[in-house]
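J.: Below are the sequence and a predicted model for it; my questions follow.
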Amino acid sequence: MRLGVGFVGSGFNARFHLQAFQGVRDADVLGVWSPNLKQAGEAATLARQLDVGLARPYRSITEMVEDPAIHALWICGVNQARVENVEEITQAIASGKGELKGIACEKPLARNVAEAKQVTALVRKAGLLHGYLENQVFAPPVSQGRDILWARGAALTGRPYLARAAEEHSGPHRPWFWQGRLQGGGVLNDMMCHSALVVQFLLTEPGALLSSVKPVRVTGHIASLKWTRPQYAARLKQRMGAEVDYSREPAEDFASITVEYATPDGGIAIGEATTSWSFVGAGLRLSAELLGPEYSMSWNSLDSSLKLFFSREVRGSAAEDLVEKQNAESGQMPVVAGEHAVYGYEAEDRHFVRAFLGLERPRLTFDDGTDVVRLLMAAYQSAEQGRTLEFPPAGIDAFVPKVAKGTWSPR
Ligand SMILES: NC(=O)c1ccc[n+]([C@@H]2O[C@H](COP(=O)([O-])OP(=O)(O)OC[C@H]3O[C@@H](n4cnc5c(N)ncnc54)[C@H](O)[C@@H]3O)[C@@H](O)[C@H]2O)c1
């Protein structure tokens with residue numbers, strides 16, 4: 001059987017998934033819905049051009065559920081619509097309009113723990129398989145590096161004790177990401193979901209559950225390093241519109257966490273992660289490290305083997321053809337060839353297609369997505385209180401960060 005896939009959302013992230021589906025067997029992308037019908041139509045056209053399926057735009061999510069050719073939905077819409085998207089899907093199923101096998105949902109699963117629990121309860125009640133789309137743990141450098149280090153290093157000399165991860169770029173491409181009250185936070189909510197899971201994944205023995213490495217203490221730090229400086233706040237407002245006013249309602253553009261984990265052998269391990277929208281470099285930089293008693297690994301996505309050089313005579317126009325969130329077009333420029341594969345989208349989509357076809361057990365579910373959200377909320381709470389917290393802190397499932405309420409002040 002082939003899996004018919006529909007997309008909810010047709011923006012930047014959906015386009016990455018469409019590229020990735022070129023490397024996925026046994027699936028056809030057949031539908032795209034987003035409130036912007038023209039953009040949904042363009043994404044459907046792209047799917048056809050890439051030969052990943054005879055996709056067409058649909059007028060609603062319900063219409064995709066009603067179509068018996070569509071068996072699974074990939075939720076790639078804005079964070080603030082997660083609950084309404086999952087409600088519409090599960091209501092269409094509950095009212096007998098159609099059936100699905102599974103739902104895969106982009107990071108972050110939701111904006112806070114209450115919302116994450118709500119979407120998880122809805123998919124469980126509907127009897128659906130569920131997958132949490134966290135591409136970075138499927139990134140070949142991360143997954144292969146971890147497999148080799150554990151098999152050769154940890155097996156002979158002991159478990160790893162320190163993992164580090166970072167995701168850094170110069171800031172998101174759309175206004176809603178910058179608005180804490182819409183998005184759910186700033187860079188911590190947007191990107192720490194990746195890096196926090198990467199460190200836990202690296203510290204977990206391949207084949208064991210992620211929950212075998214348990215967070216026990218969390219320290220979070222957030223700051224506005226760049227975008228509340230008056231000249232940059234003005235520039236941001238000009239680029240993103242009047243509703244993004246960091247002189248009035250900022251969100252953090254830097255976040256760091258330190259997590260202490262209890263390991264199954266009774267020991268501890270440390271995860272350190274940093275995320276930033278104030279990074280200046282060629283473009284998006286992903287990095288990861290894992291260290292144990294006699295071994296280590298390190299990955300930096302901008303250390304790419306392909307580099308291009310443009311002299312000062314070449315005045316290129318701004319684009320993202322070399323690397324995601326590209327910052328410049330001249331000089332010595334790294335190129336990440338096949339970003340959708342390098343960042344893990346291809347292996348991720350292949351896995352979840354196989355999981356929804358019943359060929360593999362989903363490796364990341366909405367429960368894992370909820371655990372990530374709970375850790376992020378604890379990091380916000382720690383940052384607000386300026387101290388390390390035992391995990392999980394009391395009341396975290398009802399916590400909403402100040403940044404998400406529009407009441408955070410960086411100073
Ligand atoms: N895995 C990753 O590395 C990664 C990268 C980028 C974005 N994302 C996630 O993917 C999601 C989409 O991000 P993006 O970069 O494509 O943003 P985007 O702004 O480029 O696109 C957002 C899409 O959501 C649609 N949308 C608007 N209102 C909606 C609604 N009510 N219901 C459903 N969809 C709606 C828009 O029409 C658009 O197609 C976000 O949750 C983001 O966090 C993940």
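T.: Arrived safely.

J.: nearest spatial neighbour of residue 247, skipping sequence neighbours?
T.: The shortest distance from residue 247 to any non-neighbouring residue, by C-beta to C-beta, 6 or more residues apart in numbering, is to residue 233 (4.6 Å). Yep, even glycine has a C-beta here, placed from its N, CA and C like the rest.

J.: same question, residue 107
T.: residue 193 (4.6 Å).

J.: Just give the number of residues close to the closest residue to residue 211 other than its chain neighbours.
T.: Nearest residue to residue 211, sequence neighbours excluded (C-beta to C-beta, 6+ apart): residue 371, at 7.3 Å. For residue 371, the tally of surrounding residues (other C-beta atoms under 10 Å) stands at 24.

J.: Also residue 135?
T.: What residue 135 shows, counting by other C-beta under 10 Å, is a neighbour count of 23.

J.: dump the residue contacts of the closest residue to it other than its chain neighbours.
T.: Among residues not flanking residue 135 along the chain, residue 344 sits closest, at 3.8 Å (C-beta to C-beta, 6+ apart). Shown in contact with residue 344 (C-beta atoms under 8 Å, 6 or more residues apart in numbering): 135-140, 142-143.

J.: switch the cut-off to 6 Å
T.: Neighbour list for residue 344: 135-136, 138-139 [criterion: C-beta atoms under 6 Å, 6 or more residues apart in numbering].

J.: Can you tell me how far it is from the ligand?
T.: 8 Å (C-beta to the nearest ligand atom, to the nearest Å).

J.: Could you give the number of residues near the residue of the chain found nearest the ligand?
T.: Nearest residue of the chain to the ligand, counting by C-beta to the nearest ligand atom: residue 11, 1.9 Å away. Using other C-beta under 10 Å, residue 11 has 18 neighbouring residues.

J.: Let me know the pLDDT of the residue nearest the centre of the chain.
T.: Nearest to the mean C-alpha position of the chain, by C-alpha atoms, centre = their mean, lies residue 107 at 3.9 Å. The per-residue pLDDT reported for residue 107 equals 98.

J.: Ramachandran angles for it?
T.: phi -70, psi 160 (degrees, to the nearest 10).

J.: Do I have it right that it meets residue 191?
T.: No: look at residue 107 against residue 191 with C-beta atoms under 6 Å: they stay out of range, at 8.8 Å.

J.: which neighbours do these two share?
T.: Joint contacts of residue 107 and residue 191 (C-beta under 6 Å, 6+ apart) do not exist.

J.: Which residue is the nearest non-sequential neighbour of residue 126?
T.: In space, residue 126 is closest to residue 90, 4.3 Å off (C-beta to C-beta, 6+ apart).

J.: Please apply the same query to residue 319.
T.: Spatial nearest neighbour of residue 319, chain neighbours left out: residue 326 (6.5 Å); criterion: C-beta to C-beta, 6+ apart.

J.: Surely the one you found forms part of a strand?
T.: No: Residue 326 is assigned coil when assessed by DSSP: H, G, I helix; E, B strand; the rest coil, not a strand.

J.: Now do it, the pLDDT please.
T.: 92.

J.: and what of residue 317?
T.: According to the model, residue 317 scores 89 on pLDDT.

J.: burial of it, as a residue count?
T.: 5.

J.: same thing with residue 95?
T.: Neighbours around residue 95, by other C-beta under 10 Å: 10.

J.: try residue 348
T.: Neighbour tally, residue 348, other C-beta under 10 Å: 26.

J.: Next: residue 399.
T.: Neighbour count of residue 399, defined by other C-beta under 10 Å: 18.

J.: I figured it hits residue 378, correct?
T.: No: Residue 399 is not in contact with residue 378 according to C-beta under 6 Å; the separation is 8.2 Å.

J.: Near the ligand, which residues of the stretch 1-150 of the chain? Just list them.
T.: When proximity is defined as C-beta under 6 Å from any ligand atom, the stretch 1-150 of the chain approaches the ligand at 8-14, 34-36, 39, 76-79, 81, 85, 106-107, 135.

J.: From the residues you listed, which land in helices?
T.: The helices, defined by DSSP state H, take in 12-14, 39, 85 from these.

J.: Kind regards, and thank you for your time.
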